[in-house]
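**Student:** 3D model of this:
(one chain, ligands or ions: 1)
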Amino acid sequence: MKGLLNQINKACAAKRKQFWVLIDPDKQEPAHAADFAKACQDEGVDLILTGTSLMMEDRFHETIKAVKEAASLPVYIFPASSQQISRDADGILFLSLISGRNPQFLIEEHVRAAPLIKKSGLDVIPTAYMLIDSGKVTAVNYMSHTLPLPRDKGDIVAAHAMAAELLGMKLLYLEGGSGAETAVPGLLIRSAKANAALPLICGGGIDTPEKAARAAEAGADILVIGTALEKEAGRERIRSFREALQC
Ligand code: 1GP
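**Tutor:** Sure, this is the predicted structure:
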């Protein structure tokens, strides 16, 4: 699938909030991921992201294949490293960890991945990725060797968002970290949104429909839910997040 960015921009123009679900291949068997993806499709999820901090299990490709066979939703890779590339997906968020100062995640992994990605035919979306302090060290903080942005410093987030736009990034992603105790604060969502004309993704620690609605009201265009639906993957639970975003 190509053209996701056009779809995102159209949805933003129509003020329709988008609901993405993260499937972590380490956290569930491919067959379970496939059933879950089908339920997501039926309940109005817009897209499946897939990726994992570590790859403890050898089932990244198998999971993407199983999800693609079960559902017609777009599947985009949310990579933690250059190892996470699969031509079975539709596309990839080409993340640069702009909140950090570790060259490995600013450019090195990208150089390693680029030749494979160019051959893969994947839809590639350059995405500025910012980690926000969530009160404890998350897997992505630890694994990336970077400091998260402080929760109360809107101006720092603003300057990063401006830099991302000027560098030609196409999406901004504010990340609290998977399973974060506290979601990204509204102050930072508002600050990012006000300072860059880019679609804004927000995820990490959004574990209730109310928190999803609050993030959307603050200005997030796309909400990513992972852990909350790993813990309780029933259709009603998926629907409750979709309904909270019908604003
Ligand atoms: C993590 O933003 C995603 O990268 C989802 O986070 O697992 O906390 O929902 P959760």
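**Student:** mind saving the C-alpha coords of the helix or strand bottoming out on mean pLDDT in the chain as CSV?
**Tutor:** Every helix and strand in the chain was compared by mean pLDDT, DSSP states H and E; the lowest is helix 139-144, with a mean of 90. Output in CSV follows, covering the C-alpha atoms of helix 139-144 (Å, rounded to 0.1, in the frame of the first residue of the first chain):
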residue,chain,number,x,y,z
ALA,A,139,12.5,0.0,27.4
VAL,A,140,13.0,2.5,24.6
ASN,A,141,14.9,4.9,26.9
TYR,A,142,17.2,2.2,28.2
MET,A,143,17.8,0.6,24.8
SER,A,144,18.4,3.9,23.0
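**Student:** Can you list the buried residues in it?
**Tutor:** 140-141, 144 (16 or more other Cβ atoms under 10 Å). Every C-beta, even on glycine, is put in place using the N, C-alpha and C of the backbone.
**Student:** what does stretch 60-75 give?
**Tutor:** Buried, per 16+ other Cβ under 10 Å, within stretch 60-75: 60-68, 70-71, 73-75.
**Student:** what sits against P199?
**Tutor:** Neighbouring residues of P199 by Cβ atoms under 8 Å, 6 or more residues apart in numbering: 8-9, 12, 170-172, 221-222.
**Student:** go with 10 Å
**Tutor:** Each residue near P199 by Cβ atoms under 10 Å, 6 or more residues apart in numbering is listed here: 5, 8-9, 11-12, 18, 125, 127, 170-173, 193, 220-222.
**Student:** How about Y173?
**Tutor:** Counting by Cβ under 10 Å, 6+ apart, the residues that Y173 touches are 78, 93, 95, 97-98, 127-131, 164, 192, 198-204, 222, 224.
**Student:** hmm, 8 Å instead?
**Tutor:** Listed by Cβ under 8 Å, 6+ apart, the contact set of Y173 reads 93, 95, 127-130, 200-203.
**Student:** Out of these, which sit inside strands?
**Tutor:** Residues of the contacts of Y173 located in strands (DSSP state E): 93, 95, 127-130, 200-203.
**Student:** Could you identify which of these has the most neighbours?
**Tutor:** Most neighbours among the ones in strands among the contacts of Y173, by other Cβ atoms under 10 Å: C202, with 29 neighbours.
**Student:** Report the contact partners of the residue of the chain found nearest the ligand.
**Tutor:** Distances between the chain and the ligand by Cβ to the nearest ligand atom are smallest at G203, namely 2.3 Å. Going by Cβ under 8 Å, 6+ apart, G203 touches 20, 22, 173-176, 178, 223-226.
**Student:** could you redo these as JSON lines and give each row pLDDT and distance to I156?
**Tutor:** Converted to JSON lines, the contacts of G203 look like this (pLDDT from 0 to 100; distance: Cβ to Cβ, whole Å):
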{"residue": "W20", "pLDDT": "98", "distance to I156": "26"}
{"residue": "L22", "pLDDT": "97", "distance to I156": "26"}
{"residue": "Y173", "pLDDT": "98", "distance to I156": "16"}
{"residue": "L174", "pLDDT": "98", "distance to I156": "12"}
{"residue": "E175", "pLDDT": "97", "distance to I156": "15"}
{"residue": "G176", "pLDDT": "96", "distance to I156": "16"}
{"residue": "S178", "pLDDT": "92", "distance to I156": "22"}
{"residue": "L223", "pLDDT": "98", "distance to I156": "23"}
{"residue": "V224", "pLDDT": "98", "distance to I156": "22"}
{"residue": "I225", "pLDDT": "98", "distance to I156": "26"}
{"residue": "G226", "pLDDT": "97", "distance to I156": "25"}
